[in-house]
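Trainee: Dropping a prediction and its sequence here:
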Amino acid sequence: MQHNKVFSAAIALCVIAFFTVGPVHSASAATQVPVTITAVFDFSTFPNLSGNFTTTGALTISGTAFMHVDLNPFNGIRAHCVVTLTASNGTIIIDQQCQFASSPPKGRWEIVGSTGAYANLNGHGSLTMPPNTEAMTGVIYQ
């Protein structure tokens with residue numbers, strides 16, 4: 001009999017806790033919207049490349065692009081790149097992790113900084129690297 005009272009009290013407390021805890025908000029709860037970012041570079045100035053970019057989807061902007069490439073010194077199969085996209089109303093800085101073992105080369109990207117109209121912008125996705133191009137697809141959110 002005592003066991004049933006303790007069990008009933010435990011259930012009542014769980015029900016009360018369930019209805020009094022509010023929703024938990026996090027960055028992952030932000031609405032993620034698809035985006036495509038395409039940057040075309042002149043590789044004659046490797047490892048510091050200049051070019052242009054356009055975006056479609058969640059953002060529809062264009063402007064100049066700069067990319068600094070750091071190759072893995074041991075085998076040249078991997079690279080870390082920092083891409084800076086500059087539009088008329090702000091900048092977006094993207095960190096890329098790339099590998100060249102596939103054809104075309106591929107990798108992943110993440111927005112690590114932004115200014116102006118793009119302040120607090122977040123995003124990430126995958127990328128492929130056909131000749132002279134960084135083709136990024138993924139999502140952005142604030």
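Mentor: Noted; the coordinates are in hand.

Trainee: Let's see the pLDDT reported for the residue nearest the centre of the chain.
Mentor: The centre of the chain sits closest to residue 124, judged by C-alpha atoms, centre = their mean, with a distance of 1.6 Å. We have a pLDDT of 98 for residue 124.

Trainee: Quick check: closest non-adjacent residue to it.
Mentor: residue 110 (4.4 Å; C-beta to C-beta, 6 or more residues apart in numbering). Heads up, the C-betas are built off the backbone N, CA and C, glycines and all.

Trainee: Run through the protein and note the low-pLDDT ranges.
Mentor: 1-29 (pLDDT under 70).

Trainee: for it, what spans make up the helices?
Mentor: 2-20 (DSSP state H).

Trainee: rewinding a little: list the contacts of the residue nearest to the centre of the chain.
Mentor: 108-111, 138-139 (C-beta atoms under 8 Å, 6 or more residues apart in numbering).

Trainee: Could you dump those into a markdown table and include neighbour count?
Mentor: As requested, these are exported to a markdown table (neighbours: other C-beta atoms under 10 Å):
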| residue | neighbour count |
| --- | --- |
| 108 | 15 |
| 109 | 22 |
| 110 | 14 |
| 111 | 23 |
| 138 | 20 |
| 139 | 16 |
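
Trainee: Could you pick out which of those are located in strands?
Mentor: If you go by DSSP state E, these have 108-111, 138-139 in strands.

Trainee: Quick one: the strands in this protein, in order.
Mentor: So, for the chain - with DSSP E - the strands run 33-42, 48-57, 62-71, 78-87, 90-99, 106-114, 122-128, 133-141.
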